[in-house]
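Participant: Structure, please.
(one chain, ligands or ions: 2)
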Amino acid sequence: MSKQIHVAVGVIQDPHKRILLAKRPEHLHQGGKWEFPGGKVEKQETTSQALIRELKEEVNLDVVSTEPLMEIHHDYGDKQVFLDIHWVTHFTGEAEGLEGQPVQWVEIEKLTDFEFPEANKAILEKILS
Ligand SMILES: Nc1nc2c([nH]c(=O)n2[C@H]2C[C@H](O)[C@@H](COP(=O)(O)OP(=O)(O)OP(=O)(O)O)O2)c(=O)[nH]1
Ligand SMILES: [Mg+2]
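Facilitator: Numbering: from 1, shown residues only. Ligands and ions are numbered 1, 2, ... in the order given. Sure thing, here's the model as predicted:
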């Protein structure tokens with residue numbers, strides 16, 4: 001039995017209420033789909049530390065404050081993930097895809113135009129509700 005991957009995920013909202021999406025590189029698990037930036041929580045790290053580190057590494061944003069949004073357990077068959085999802089309500093900096101990935105600020109009503117990993121359905125429902 002393989003163990004769950006603990007992932008810190010940020011739903012980052014700008015002052016215009018738009019949400020930041022990043023495109024996962026094709027060669028990765030769930031590649032080519034759009035995601036909320038984030039990544040694996042490393043040993044000895046809290047979720048909040050991981051979120052701060054990942055958002056700096058991936059999209060060059062400095063997190064100022066966050067609020068818990070939801071937790072999702074999902075089994076992709078090849079991988080089991082535990083998504084620990086937080087609203088990022090305050091941040092500084094300009095978003096850029098530091099790993100060469102496309103990033104886009106998207107209005108909430110337009111989120112349904114994007115293809116997300118299966119586990120994200122529940123996140124979308126929550127944001128749209
Ligand atoms: N960041 C993020 N990951 C998601 C989302 N939805 C979803 O199913 N995942 C899954 C895909 C991956 O299996 C896992 C994230 O792992 P990852 O490979 O991106 O982790 P990472 O950024 O730390 O990258 P690395 O260690 O491989 O360099 O979570 C989402 O909205 N955002
Ligand atoms: Mg990542």
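Participant: what does the chain put close to ligand 1?
Facilitator: 5, 7, 9, 28-30, 35-36, 38-40, 54, 79, 81, 83, 117, 119-120 (C-beta under 6 Å from any ligand atom). The C-beta positions use only the backbone N, C-alpha and C, and glycine is treated the same way.
Participant: Buried subset of the residues you listed, written for ChimeraX?
Facilitator: This is the ChimeraX syntax for the buried subset of the residues of the chain next to ligand 1, where burial follows 16 or more other C-beta atoms under 10 Å:
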select :7,9,30,35,36,38,39,54,81,83,117,119,120
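Participant: can I assume residue 125 sits in a helix?
Facilitator: Yes - counting by DSSP: H, G, I helix; E, B strand; the rest coil, residue 125 falls inside a helix.
Participant: Number of residues surrounding it?
Facilitator: 10 (other C-beta atoms under 10 Å).
Participant: How about the one 3 residues further on?
Facilitator: By other C-beta under 10 Å, 10 other residues sit near residue 128.
Participant: Likewise for residue 91?
Facilitator: 21.
Participant: Now do it, the pLDDT please.
Facilitator: Note on residue 91: pLDDT of 98.
Participant: Tell me which residues touch the residue most central in space within the chain, please.
Facilitator: Nearest to the geometric centre of the chain sits residue 36, at 2.6 Å (C-alpha atoms, centre = their mean). Residue 36 makes contact with 9-12, 19-22, 85, 120, 123, according to C-beta atoms under 8 Å, 6 or more residues apart in numbering.
Participant: In the chain, which residue sits closest to ligand 1?
Facilitator: Of all residues in the chain, the one sitting closest to ligand 1 is residue 39 (2.4 Å; C-beta to the nearest ligand atom).
Participant: before we move on, the earlier item: so which of the contacts of residue 36 belong to strands?
Facilitator: Taking DSSP state E as the definition of strands, the contacts of residue 36 contribute 9-12, 19-22, 85.
Participant: Sounds good, over and out.
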